[in-house]
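Engineer: Predicted model and sequence follow; I will ask about them next.
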Amino acid sequence: MNSNPFSLLILILLILSPAAVAQPDGTALSPTDPVGKTTPVPFTITLFIPSSNMIHSDQVLDQINTLDGKGVLFGTSFGLSEYNGTWSTRHINRDNISEGLMDEYITSIEFDYEGDLWIGYSGGIQIYNGIFYQTLRDQQLFKDPRIQDLQRWHDDMWVATGNAGLHRFRNGAWTWFQPMTKNGPEFYEVREMVMDTHSDSLLLATADNGLWIVKSPDDPVVFEQIAPKRGTYGQMTHVKRDPMGGVYFFNDTTVVHYSPDAGFVPVLTARDLTFADIEINDLSVDRYGTIYIATDDAIFIWKNDQVYRRLSRFEGIGTSEVVRTVTVDSQNRVWFSTAGHVGYYHEEPDGQSPILVETTVPEITPDLPVFTPTPPPVETPAVITDEDAGSRTGGLAPVLDPIIHAIQAILAKLGIVV
């Protein structure tokens, strides 16, 4: 009987290496994970393939909860989609722009304190009150009409616009904080901004001028740099809110936590997730303090200072390992997007108590209309459980799936990417 040398090598490594330990749900611990320190619980993955009956695009640029907390809004490259058990999507109304989107490509979405939905585009903003859309795209108003991000702060709306810094809308009036002026910010382009509700501060990640904090929305507004461009953390270009207080700054290799009281605290690097050469694309944190990390090699769940679970094609996230976005919604569903799929991961954390942090909730006038489009007929999504996730091997899955995971872990340890 002829033997393949590579097959013999794999068999030997499987016997000798302690790298991968198969878990009951089919996942495998990484080489540094102590067995039994964290026990994964059952989970489900629900997938949606973009179509006319579901979300219309797999390119998700922003995501927020609906005001009632029961649904999710997605700003995508092809319309504004909502999921509340069924899907609906809004597009351009070419007959009447006040009754539809001004553009299909949506860069940011946010509710204001009155419950109106602000929608950002590459050429302006629309404000939707549940009946019609008000369009704002005057370049004299925004200086640069490319909307990078929207963030509500109490009764104000803060707007990051292209290379023109920040704008603030308050009581019907606009204020432009002109970059590089006496009282203006020392940066041009804000990539992302987020509220730290614990300290009531606005945190900013810029394109090439470091990290900043604004501790009060009132005039005179003071912009304080917390990490210079060439400093240890100045190359971070993304920021996400931590429900426990503070924020997470990150780039494609490193994640750090920041709060005004504690300053910067290192959290993890890409090497803490896997031996493979990967990049971090996105990050989100749930109310239990668990971190979900989207990479170009699956989703990593970071819990108790270790990798708790890795979600790849074999667990059922779709046909691509490259995960573009990850966002936790108000129901603790972890939404993700890949090339070809949008879906969510959900588990029931037995015995865990959520961490409650006071947040500012919009005060909605009782008779104020909200975003409630009529959903079209919907197809039943594919639901993948932890028992059948990745069962591409048919009836042999219980036998072959743990072996496949073990081989993957060993190859990654050797630096071989598959």
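Structural biologist: The structure has been received and is ready for your questions.
Engineer: State the distance spanning the first to the last residue of stretch 85-93.
Structural biologist: 25 Å (CA to CA, to the nearest Å).
Engineer: err, stretch 218-225, not the other one
Structural biologist: Terminal residues of stretch 218-225 lie 18 Å apart, using CA to CA.
Engineer: Just the residues contacting it, thanks.
Structural biologist: With contacts defined as CB atoms under 8 Å, 6 or more residues apart in numbering, stretch 218-225 is touched by 168, 175, 177, 183-187, 210-216. From N, CA and C alone the C-beta is placed, and that goes for glycine too.
Engineer: Which residue ranges of the stretch 201-350 of the chain form strands?
Structural biologist: In the stretch 201-350 of the chain, the strands defined using DSSP state E, counting those that start in this stretch lie at 201-206, 211-214, 224-227, 238-241, 247-250, 254-259, 263-269, 280-285, 291-295, 298-303, 306-311, 323-328, 334-338, 341-347.
Engineer: Pull up the pairing partners for the fourth one, direction included.
Structural biologist: Using DSSP bridges, strand 238-241 pairs in its sheet with strand 247-250 (antiparallel).
Engineer: Just grab the bridge partners of the residue nearest to residue 167 when sequence neighbours are not counted for me.
Structural biologist: With CB to CB, 6 or more residues apart in numbering as the criterion, residue 167 has its nearest non-adjacent residue at 4.4 Å, and that residue is residue 159. Per DSSP bridges, the residues bridged to residue 159 are residue 150, residue 167.
Engineer: ditto for residue 127
Structural biologist: On the basis of DSSP bridges, residue 127 is bridged to residue 118, residue 134.
Engineer: still on that earlier bit, shouldn't the residue nearest to residue 167 be in contact with residue 125?
Structural biologist: Yes - taking contacts as CB atoms under 8 Å, residue 159 lies within contact range of residue 125: 7.2 Å.
Engineer: Give me the common contacts of those two.
Structural biologist: Common neighbours of residue 159 and residue 125 are listed as 142, 147, 150 (criterion: CB under 8 Å, 6+ apart).
Engineer: Now the residues you listed in JSON lines, please, with extra columns for distance to residue 55 and pLDDT.
Structural biologist: Shown next, in JSON lines, are these (distance: CB to CB, whole Å; pLDDT from 0 to 100):
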{"residue": "142", "distance to residue 55": "29", "pLDDT": "86"}
{"residue": "147", "distance to residue 55": "21", "pLDDT": "97"}
{"residue": "150", "distance to residue 55": "21", "pLDDT": "98"}
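Engineer: and which of the residues you listed is nearest residue 56?
Structural biologist: Nearest to residue 56, judged by CB to CB, of the shared contacts of residue 159 and residue 125 is residue 147 at 20.4 Å.
Engineer: I'd like the distance between that closest one and residue 332.
Structural biologist: Separation of residue 147 from residue 332 (CB to CB, to the nearest Å): 29 Å.
Engineer: So which of those two has more stuff around it?
Structural biologist: residue 147 (25 against 17; other CB atoms under 10 Å).
Engineer: Could you find the closest non-adjacent residue to that one?
Structural biologist: residue 120 is the one closest to residue 147 (CB to CB, 6+ apart), at 3.1 Å.
Engineer: hang on, that neighbour is in a strand, isn't it?
Structural biologist: Yes - Residue 120 sits within a strand when classified using DSSP: H, G, I helix; E, B strand; the rest coil.
Engineer: how close does the nearest residue to residue 77 once chain neighbours are set aside sit to residue 104?
Structural biologist: Nearest non-adjacent residue to residue 77, counting by CB to CB, 6+ apart: residue 59, 3.9 Å away. To residue 104, residue 59 is 11 Å away according to CB to CB.
Engineer: list residues touching both of these two?
Structural biologist: Taking CB under 8 Å, 6+ apart as the criterion, residue 59 and residue 104 both touch 77, 78.
Engineer: So, low pLDDT: which residues of the chain?
Structural biologist: 1-39, 348-418 (pLDDT under 70).
Engineer: go again using 50 as the cut-off
Structural biologist: The model of the chain has pLDDT under 50 over residues 1, 3, 5, 8-36, 353-380, 387-402, 417-418.
Engineer: list the contacts for the residue nearest to residue 77?
Structural biologist: Contact partners of residue 59, counting by CB under 8 Å, 6+ apart, are 76, 77, 78, 324, 337.
Engineer: Tell me the buried residues in stretch 314-330?
Structural biologist: Neighbour-count burial for stretch 314-330, with 16 or more other CB atoms under 10 Å as criterion, is recorded at 314-318, 320-329.
Engineer: whoops, I mixed them up, stretch 95-113
Structural biologist: 100-113.
Engineer: How far does it stretch from one end to the other?
Structural biologist: With CA to CA as the measure, the first residue of stretch 95-113 is 30 Å from its last.
Engineer: Off-centre distance for that stretch?
Structural biologist: For stretch 95-113, the separation from the chain centroid amounts to 21 Å (computed by CA atoms, centre = their mean, to the nearest Å).
Engineer: now stretch 196-205
Structural biologist: 17 Å.
Engineer: Contacts for it next, please.
Structural biologist: Residues from elsewhere that reach stretch 196-205, judged by CB under 8 Å, 6+ apart: 151, 153, 158, 160, 187, 190-195, 211-215, 217, 236-239, 241-242, 244-247, 249, 258-261, 357-360.
Engineer: Kindly check the end-to-end length of stretch 167-182 for me.
Structural biologist: Using CA to CA, the end-to-end distance of stretch 167-182 comes to 16 Å.
Engineer: same check, this time on stretch 285-304
Structural biologist: The first residue of stretch 285-304 is 13 Å away from its last residue (CA to CA).
Engineer: For it, list every residue counted as buried.
Structural biologist: Across stretch 285-304, burial judged by 16+ other CB under 10 Å covers 285-287, 290-303.
Engineer: Ok, stretch 249-257 next?
Structural biologist: So for stretch 249-257, counting by 16+ other CB under 10 Å, buried means 249, 250, 251, 254, 255, 256, 257.
Engineer: residue contacts, the residue nearest to residue 167?
Structural biologist: By CB under 8 Å, 6+ apart, the residues touching residue 159 are 120, 125, 142, 147, 149, 150, 166, 167, 168, 169.
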